[in-house]
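> here are the coordinates; sequence isn't available:
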Ligand SMILES: CC/C=C\CCC/C=C/C(=O)SCCNC(=O)CCNC(=O)[C@H](O)C(C)(C)COP(=O)(O)OP(=O)(O)OC[C@H]1O[C@@H](n2cnc3c(N)ncnc32)[C@H](O)[C@@H]1OP(=O)(O)O
């Protein structure tokens, strides 16, 4: 599904610097990617065809230290997703992390703290775009969740068709925005309700639950919990099951199920952006973000 991506100028501007990175240009083996393995991506996103599964790409998030979803990272993810959607040799994507212990720390707090309204608007448009592109993807998208996955990281996971989580008690997952003194927007809420049901979502959202793997499985926020060294192989075998379904029938069904939820945002993207800018710019919210960022720093001792 072609989505209006208002990032063209930004994309061009952001891509220009790394286009000079040897081998990192889209379509050529990235430096260090191994001889002959045709992969593509960018400094923060490595996309490799799965050598053991025809038509499957593994998209590795590598924005250290915590795969926080910065504007640049979002843009690179969007470019890689668009390229995969347009490359008919690919039918499925496994999204995983190259940052040990972290799937994604969620939205980059520094993109929302101390920023002017124009930047916040541009950032939020990219957040919307990433969700829409993953949630409505024609490809089978499987989350191989090999680390902690709060807030925006949880949203990315929930937007996949299937979620495999490593059985490590540190790898909690959930929409914890209230713990930061902020809130999840309606479309984050909608995806959680669609996944775990209204009452469970209501409680989890209000309390900012981060579910450890056993609870995540029980509440249904993930589909499978496996030993850490089996996450990728499990994702691959689930992918094979999903790719056994004729693409067209599966894509029409996915759209049938997901379009009403996506339409709620698509019909009011600008209003949602303005709502976000107003909310995040409030003094009280900026103060909450400041307190939370300080806590993260103090945690390091
Ligand atoms: C109307 C709608 C309005 C608003 C909608 C807003 C929706 C928001 C969605 C979000 O996603 S908000 C982000 C929520 N994320 C979190 O709460 C996670 C915060 N991070 C952590 O809990 C931990 O960092 C960790 C992910 C568990 C990893 O811990 P670890 O000890 O391994 O690393 P450390 O904490 O030292 O962090 C390293 C480094 O990274 C910085 N960091 C961490 N998370 C973020 C983040 N989300 N954004 C920006 N930066 C982040 C952290 O401060 C450290 O930085 P430093 O090295 O410079 O000190």
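Great, that's in hand. Not measured: the values here are computed from a predicted model.

> Which positions in the chain make contact with the ligand?
Proximity of the chain to the ligand (CB under 6 Å from any ligand atom) is limited to residues 65-66, 68, 102, 105-110, 148, 150-152, 176-177, 180, 182-185, 275-276, 279-280, 296-297, 299-300. To be clear about C-beta, it is placed using only N, CA and C from the backbone, and glycine gets the same treatment.

> Give the buried subset of those as a PyMOL selection command.
Remark: buried members of the residues of the chain next to the ligand, expressed as a PyMOL selection using 16 or more other CB atoms under 10 Å:
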select buried, resi 66+68+102+105+106+107+108+109+148+150+151+152+176+177+180+182+183+184+185+276+280
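
> Show me the residues of the chain next to the ligand that map onto helices.
152, 275-276, 279-280, 296-297, 299 (DSSP state H).

> JSON lines please, covering those and showing pLDDT and distance to residue 289.
Formatted as JSON lines, those follow (pLDDT from 0 to 100; distance: CB to CB, whole Å):
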{"residue": "152", "pLDDT": "98", "distance to residue 289": "14"}
{"residue": "275", "pLDDT": "98", "distance to residue 289": "17"}
{"residue": "276", "pLDDT": "98", "distance to residue 289": "13"}
{"residue": "279", "pLDDT": "98", "distance to residue 289": "11"}
{"residue": "280", "pLDDT": "98", "distance to residue 289": "8"}
{"residue": "296", "pLDDT": "94", "distance to residue 289": "11"}
{"residue": "297", "pLDDT": "91", "distance to residue 289": "13"}
{"residue": "299", "pLDDT": "80", "distance to residue 289": "16"}
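
> Name all residues that make contact with residue 64.
Residues near residue 64 by CB atoms under 8 Å, 6 or more residues apart in numbering: residue 99.

> Phi and psi next, for it.
Per-residue torsions, residue 64: phi -60, psi 150 (degrees, to the nearest 10).

> And for the one 10 residues further on?
Here is the backbone geometry of residue 74 (degrees, to the nearest 10): phi -60, psi -40.

> about what we covered before: how about the ones in helices among the residues of the chain next to the ligand, which pair is most distant?
Farthest pair in these (CB to CB) is 275 and 299. Separation: 30.8 Å.

> ok, the closest residue in space to residue 180 that isn't next to it in sequence to residue 52 distance?
In space, and not counting its chain neighbours, residue 180 is closest to residue 292: 4.7 Å by CB to CB, 6 or more residues apart in numbering. Look at residue 292 and residue 52: by CB to CB, to the nearest Å, they are 41 Å apart.

> what about these two, which has more around it?
Set side by side, residue 292 and residue 52 show more neighbours around residue 292, with 15 against 10, by other CB atoms under 10 Å.

> wait, that one sits on residue 181?
Yes - at 7.0 Å, residue 292 and residue 181 qualify as touching, with contact defined as CB atoms under 8 Å.

> what sits against the residue most central in space within the chain?
Nearest residue to the geometric centre of the chain (CA atoms, centre = their mean): residue 156, 3.0 Å. By CB under 8 Å, 6+ apart, residue 156 lies in contact with 69, 95, 103-104, 130-131, 134, 143, 149.
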